[in-house]
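Visitor: below is the sequence, then the predicted model.
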Amino acid sequence: MTKDAYGLHAHLCSIFANPKRLEILDILRDNELTVTDILEKLKISKTNLSQHLSIMKDRGILRSRRVGQHIYYSIANKKVIQAYDLMRDVLKELMNEKISKLS
């Protein structure tokens, strides 16, 4: 892998470094939802949500489509959800190891 490729990899993976973006991924994992639907589930400001959606769309994580006045968002590549789930599994294993060491 080249240095540029490492940079691009890190840039893409930074999506996983924000709790709200992880929540957006989880909300959209099996659904295509409007901005309004996502707002109702996240309970954050529209401006904040717009920033997160924009970043995720720019990095190719999400895609959007407009129908009238509504914008629908969905996961652009289902492998992103596989990566999300894999990282969640690693986290669970690490937490279980820490708990077992304390016991």
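Guide: Yep, that arrived. Numbering: from 1, shown residues only.
Visitor: so what touches the strand or helix carrying Ser50?
Guide: Secondary structure assigned from DSSP states H and E places Ser50 in helix 46-58. Residues outside helix 46-58 that contact it (Cβ atoms under 8 Å, 6 or more residues apart in numbering) are 15, 18, 20-21, 24, 35, 38-39, 42, 62-64, 73. Where C-beta positions appear, they are placed from N, C-alpha and C, glycine not excepted.
Visitor: using CSV, list the CA coordinates for the next helix or strand after it.
Guide: With elements assigned by DSSP H and E, the helix or strand that comes after helix 46-58 is strand 62-67. Output in CSV follows, covering the C-alpha atoms of strand 62-67 (Å, rounded to 0.1, in the frame of the first residue of the first chain):
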residue,chain,number,x,y,z
LEU,A,62,-24.0,7.3,1.8
ARG,A,63,-26.0,8.0,-1.3
SER,A,64,-29.0,10.3,-1.6
ARG,A,65,-31.9,10.8,-3.9
ARG,A,66,-34.5,13.5,-4.0
VAL,A,67,-38.2,12.9,-4.4
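Visitor: now do the same contact list for Val35.
Guide: For Val35, the contact set (Cβ under 8 Å, 6+ apart) comprises 46, 49-50, 53, 70-71, 73.
Visitor: likewise Tyr72?
Guide: With contact taken as Cβ under 8 Å, 6+ apart, Tyr72 is in contact with 32-34, 64-66.
Visitor: and those residues, which is closest to Ser100?
Guide: Ser100 lies nearest to Leu33 out of those, by Cβ to Cβ, at 38.3 Å.
Visitor: what separation do you get for the closest one and Leu42?
Guide: Distance, Leu33 to Leu42, by Cβ to Cβ, to the nearest Å: 11 Å.
Visitor: re the thing from before, just the buried ones from the contacts of Tyr72?
Guide: Buried members of the contacts of Tyr72, counted by 16 or more other Cβ atoms under 10 Å: 33, 64.
Visitor: that older thread, for the contacts of helix 46-58, give me a markdown table that also has secondary structure and distance to Gln82.
Guide: Putting the contacts of helix 46-58 into a markdown table (DSSP: H, G, I helix; E, B strand; the rest coil; distance: Cβ to Cβ, whole Å) gives the following:
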| residue | secondary structure | distance to Gln82 |
| --- | --- | --- |
| Ile15 | helix | 14 |
| Asn18 | coil | 19 |
| Lys20 | helix | 21 |
| Arg21 | helix | 16 |
| Ile24 | helix | 16 |
| Val35 | helix | 25 |
| Ile38 | helix | 21 |
| Leu39 | helix | 26 |
| Leu42 | helix | 23 |
| Leu62 | strand | 16 |
| Arg63 | strand | 17 |
| Ser64 | strand | 21 |
| Tyr73 | strand | 19 |
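Visitor: appreciated, that's everything.
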